[in-house]
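Engineer: Predicted model follows, preceded by the sequence.
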Amino acid sequence: MSEPELDLTLPARADNVIVVRQAIAGLGEALGMPDQRVDDLKTVVTEACNNVVVHAYDGEAGPMKVTAAADDDSVTVTVSDQGTGFRPRASEGGPTLGLGLPLIASLSNSFEISGGAGGGTSTTIRFALPSGKVEAPETDAPAAISEELNMAISPGAMVKPVIARVIGALAARAEFSVERLSDTVLIGDVVSAHTGDDFAHGKTQIAITDGDGTLDVRVGPLVEGGGRRLLDQMDLPGDQGSVRGLARSMEITSDETEDGEAAEFLVFAVGSD
Amino acid sequence: MRTGEIALHTNDTGLRVVAISGEHDLNTAPDLRARLDELIEAGDPVIVDLTPATFVDSSILGVILDARRRAQEAGIGLAVAQGDGADAVARVLEITGLREELPVHDDVESAGAALGDRRPAA
């Protein structure tokens, strides 16, 4: 299996399942999957996420990690946790595995559940792709931890739809106005367009924390000068102005990566005034 | 993309209709459960209209199945409709066999007709 082209880590909460679903829908569309199979992929990934949210951490907080990788003929999505695993227990009125596993089994081309017994559980789902999918180069997947939502996407056609859908889901959840939502998607599009060499790990990396009607977005790590180049991209051609002003704040910060290397980040906040 | 909404209205035959629009999953399942519980406790026959829904997962289907069981126990009618709605919802109803099991009616009117006795004489 190739390195993941999409790597998304976020808290295992019920209100985050829609964020994963939108990211995966963007990926499926970018891979040229027919609408019905995109729907099926959304259902299957949702059910796998439900299992994590309901069963992994016994109501405690914990991470839900979703990776996706495609090769010539299939896309493989893995939903994993570090929790206690599914337990076969009766449930009175609460959510159960009831219809979830049969949906995963009948809608995916193949699936596998592994782990358990305290070591975390992974559900790996494979969907066949129509021939002639878009190619996405592979790079090393950096570890993603600590922020509210961490996402790493390999350069390619899925960057824009995945970012747009994730931002759309988070903005809708934060009850952005339509105008603010479109501003946010516009900024997301600029970030999407700026793939490639300016990202320290070769992948578009974004961390998003959602607060009270606000999304705090951190783009990077970027290579030296990458923050400035990305910021310059916010200025539209000619005299069309800049999308910088659509954010409540936008700045370049310096920080260390997890490896202790210096790196730049473009940090901005969007949301209600 | 929009997240899910649950709206309650009374149709022109006096039946309570819970219309589910947008995307619904584990996050909105407790709201739907609470809405349906209220109606069942009040003794109102109810139509669950999935026509405006664009996505439902197994937790939503589980809530509907539970509500139908409780309605049956209470002797109250509960009917489900999914008319010309999203393919994604239709497909999940097909795959799980719920279209026949519930059953799912083709529109709110036929769901209302299935609840029969509350429908005023024409």
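Structural biologist: On my side now, so go ahead.

Engineer: Which positions in chain B make contact with chain A?
Structural biologist: With Cβ under 8 Å from any Cβ of the partner chain as the criterion, chain B comes near chain A at residues B:1-3, B:23, B:25-27, B:29, B:55, B:57-59, B:61-62, B:66, B:87-88, B:91-92, B:95-96. Every residue, glycine included, has its C-beta placed from N, CA and C.

Engineer: Which of those residues fall in strands?
Structural biologist: Counting by DSSP state E, the part of the residues of chain B next to chain A found in strands is B:23, B:55.

Engineer: Are any of the residues of chain B next to chain A buried, and if so which?
Structural biologist: Of the members of the residues of chain B next to chain A, the ones counted as buried by neighbours, 16 or more other Cβ atoms under 10 Å in any protein chain shown, are B:1, B:3, B:23, B:25-27, B:29, B:55, B:57-59, B:61-62, B:88, B:91-92, B:95-96.

Engineer: still on that earlier bit, out of the residues of chain B next to chain A, which are inside helices?
Structural biologist: Among these, the members found in helices (DSSP state H) are B:29, B:58, B:59, B:61, B:62, B:66, B:87, B:88, B:91, B:92, B:95.

Engineer: State the pair within these that is farthest apart.
Structural biologist: Distance extremes for these: the farthest pair is B:66 and B:87 at 25.4 Å, using Cβ to Cβ.

Engineer: which stretches of the chain have low pLDDT?
Structural biologist: Chain wasn't specified; assuming chain A. Across chain A, the ranges flagged by pLDDT under 70 are A:1-3, A:85-97, A:116-118, A:132-147, A:258, A:273.

Engineer: nope, chain B
Structural biologist: Short version for chain B, where the test is pLDDT under 70: B:1-2, B:117-122.

Engineer: Now do the same contact list for the closest residue to residue B:71 other than its chain neighbours.
Structural biologist: Once flanking residues are discounted, residue B:71 sits nearest to residue B:78: 3.8 Å by Cβ to Cβ, 6 or more residues apart in numbering or on different chains. When contacts are counted by Cβ atoms under 8 Å, 6 or more residues apart in numbering or on different chains, residue B:78 touches B:36, B:40, B:45, B:46, B:47, B:48, B:67, B:68, B:71, B:72.

Engineer: So is stretch A:200-218 next to chain B?
Structural biologist: No - Stretch A:200-218 does not reach chain B (Cβ under 8 Å from any Cβ); its nearest approach is 13.4 Å.

Engineer: for that stretch, the distance to its chain's centre please.
Structural biologist: In terms of Cα atoms, centre = their mean, to the nearest Å, the centre of stretch A:200-218 is found 10 Å from the chain centre.

Engineer: which SSE is residue A:20 in?
Structural biologist: Following DSSP states H and E, one finds residue A:20 within helix A:17-30.

Engineer: Just want the most central residue of chain B.
Structural biologist: residue B:48 (1.7 Å; Cα atoms, centre = their mean).

Engineer: how close does that one sit to residue A:178?
Structural biologist: Taking Cβ to Cβ, to the nearest Å as the measure, residue B:48 falls 29 Å from residue A:178.

Engineer: what does chain A put close to chain B?
Structural biologist: Residues of chain A lying near chain B (Cβ under 8 Å from any Cβ): A:14-15, A:17-18, A:21-22, A:35-36, A:39-40, A:42-43, A:46-47, A:50, A:53-54, A:93, A:95-96, A:98-100, A:102-103, A:106-107, A:165, A:168-169, A:172-173.

Engineer: Please spell out the PyMOL selection for the buried subset of those.
Structural biologist: Remark: buried members of those, expressed as a PyMOL selection using 16+ other Cβ under 10 Å:
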select buried, chain A and resi 14+15+17+18+21+22+39+40+42+43+46+47+50+53+54+95+96+99+100+103+107+165+168+169+172+173
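
Engineer: Nearest residue to residue B:85 in space, please, no chain neighbours.
Structural biologist: Excluding the flanking residues, the one nearest residue B:85 by Cβ to Cβ, 6+ apart is residue B:51, at 4.2 Å.

Engineer: which SS class is that neighbour?
Structural biologist: What DSSP: H, G, I helix; E, B strand; the rest coil gives for residue B:51 is coil.

Engineer: contacting residues for residue 25?
Structural biologist: In the absence of a named chain, chain A is used. Residues counted as contacts of residue A:25 (Cβ under 8 Å, 6+ apart) are A:38, A:41, A:42, A:161, A:165.

Engineer: hmm, I had chain B in mind actually
Structural biologist: A:14, A:17, A:18, A:21, A:46, A:50, B:4, B:55, B:56, B:57, B:59, B:60.

Engineer: For the fifth one, give me phi and psi.
Structural biologist: Reported as degrees, to the nearest 10, the phi and psi values for residue A:46 are phi -60, psi -50.

Engineer: I'd like the distance between the residue nearest to residue B:71 and chain A.
Structural biologist: Distance, residue B:78 to chain A, by Cβ to the nearest Cβ, to the nearest Å: 16 Å.

Engineer: Quickly list what that residue is bridged to.
Structural biologist: Counting by DSSP bridges, residue B:78 forms beta bridges with residue B:46.

Engineer: thinking again about what came up before, my guess is the residue nearest to the centre of chain B meets residue B:36, correct?
Structural biologist: Yes - in terms of Cβ atoms under 8 Å, residue B:48 counts as a neighbour of residue B:36; the distance is 7.3 Å.

Engineer: Now list whatever residues contact both of these two.
Structural biologist: Jointly contacting residue B:48 and residue B:36 under the rule Cβ under 8 Å, 6+ apart are B:18, B:64, B:67, B:78.
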